[in-house]
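Enquirer: Build me a structure from this.
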Amino acid sequence: MGSYLLPLGAVLIWSINTVVSKLAADSISAAEIGFFRWVVAALLFTPFLLPSIWRQRADIKPLLPRIMVLGVLGMVIYQSLAYYAAHYTTATHMGIIGSLTPMLVLALAVFMLGQPLTRGGVWGSLLAIAGVALVVSSGRPSRLLSEGLNLGDAMMFIAMLAYAIYNILLKRWPMPQLATIQLLYLQVLVAVAAQLPLYLLSPKTGLNAVNLPLVAYAGIMASIAAPLLWMKSVQQLGPGRSSMFFNLIPIFTAMVAFAALDEPLALYHAVGGAMTVTGLLLAELWKAPLRRPARPSSANGQWCSSSATATRPRPPA
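Expert: Residues are numbered from 1 along each chain as shown. Here you go, the predicted structure:
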């Protein structure tokens, strides 16, 4: 049970960070908060982790290409692109596109990890996405069909696809030479380096008393605590099971916005939340494979499904 607290804690922090991002939109540019959050994380990590990283530099050197790919996917494209997407699309679209992450992870896990599809995974994902759609569309899912694709939608989809690939690669590329916190630190350094040119070329607001607490939350909680919890979750639960908890982000965001911003809660929040949680439970508890595994027939050695074998007459003894 304790393992499930890892993704729950991560998505709660990221949900709060969504509200923080809304508060920051009027006080600091997207390029600035996207860069400063990783600078804050790097400054806090460096005194504790740089000495050990330097001692292990010979072991780390061959891992650098993979670390750079993980850093760009998980820290730059995913965590920063949403700041820009918010300028071109609605929160409704961002929420529903974000809820596609578990489906993307499940699909990628089948092809990249050889993970079999389960009935609970498929039907649970569909039910959870339907619940999220109900919440992010304010109880009117038809709105999602009436609005067309725009630049922000495309950017948000790229962000979610990048994070789905990140989850798969995190599982596929184990790095036992590094502790989880060391791997995160190296990805943070990649994010700082990758976003520096964009920061230098973008208009600047500067840090002030209004946006500094928001940058601090993004840099400490959303950039250190949540990724650590998530990476531990992927290691213990796997990318598919962990990503199912992504469906709770819109639900948690609505609750946090209600408490912090006095945004109203309605019946569709409760119904959508129940659908999402039920979907998560289905994915976790219903482990029946989507297709029955094939097995050789005792009669002729040919492969046949277990269901076909059950209905076929047995060969005589």
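
Enquirer: Tell me, how many residues neighbour the closest residue in space to Phe258 that isn't next to it in sequence?
Expert: Nearest residue to Phe258 in three dimensions, chain neighbours excluded: Leu265, at 4.9 Å (C-beta to C-beta, 6 or more residues apart in numbering). For glycine as for every other residue, the C-beta is placed from the backbone atoms N, C-alpha and C. Counted with other C-beta atoms under 10 Å, the neighbours of Leu265 add up to 13.

Enquirer: ok, the nearest residue to Ala191 once chain neighbours are set aside to Val110 distance?
Expert: Closest residue to Ala191 apart from its sequence neighbours, by C-beta to C-beta, 6+ apart: Met75 at 3.7 Å. Going from Met75 to Val110 by C-beta to C-beta, to the nearest Å gives 26 Å.

Enquirer: so which strand or helix has Leu81?
Expert: helix 78-85 (DSSP states H and E).

Enquirer: Other residues contacting that helix?
Expert: 21, 30-31, 33-34, 37, 94, 152-153, 155-156, 158-160, 162-163, 166, 191, 195, 222-223 (C-beta atoms under 8 Å, 6 or more residues apart in numbering).

Enquirer: Between Met75 and Val110, which has more neighbouring residues?
Expert: The residue with more neighbours, out of Met75 and Val110, is Met75; 27 against 15, by other C-beta under 10 Å.

Enquirer: need the longest helix for this structure.
Expert: Criterion DSSP state H: the longest helix present in the chain is helix 30-55.

Enquirer: returning to what we had before: give me the angle between the helix holding Leu81 and helix 30-55.
Expert: Interaxial angle, helix 78-85 versus helix 30-55 (axes from the mean of the first three to the mean of the last three C-alpha atoms, to 10 degrees): 170 degrees.

Enquirer: pLDDT on helix 78-85, on average?
Expert: Mean pLDDT, helix 78-85: 80.

Enquirer: Could you check how far the nearest residue to Leu134 once chain neighbours are set aside is from Ile224?
Expert: In this structure, Leu134 finds its nearest non-sequential neighbour in Gly272, 3.8 Å apart by C-beta to C-beta, 6+ apart. For Gly272, the distance to Ile224 (C-beta to C-beta) stands at 30 Å.

Enquirer: cool, and Thr101?
Expert: For Thr101 relative to Ile224 (C-beta to C-beta), the value is 21 Å.

Enquirer: Could you do Leu108 as well?
Expert: Taking C-beta to C-beta, one finds Leu108 at 26 Å from Ile224.

Enquirer: quick one: Leu229 and Val11 touch, right?
Expert: No - Leu229 sits out of contact with Val11 when judged by C-beta atoms under 8 Å, with a separation of 9.0 Å.
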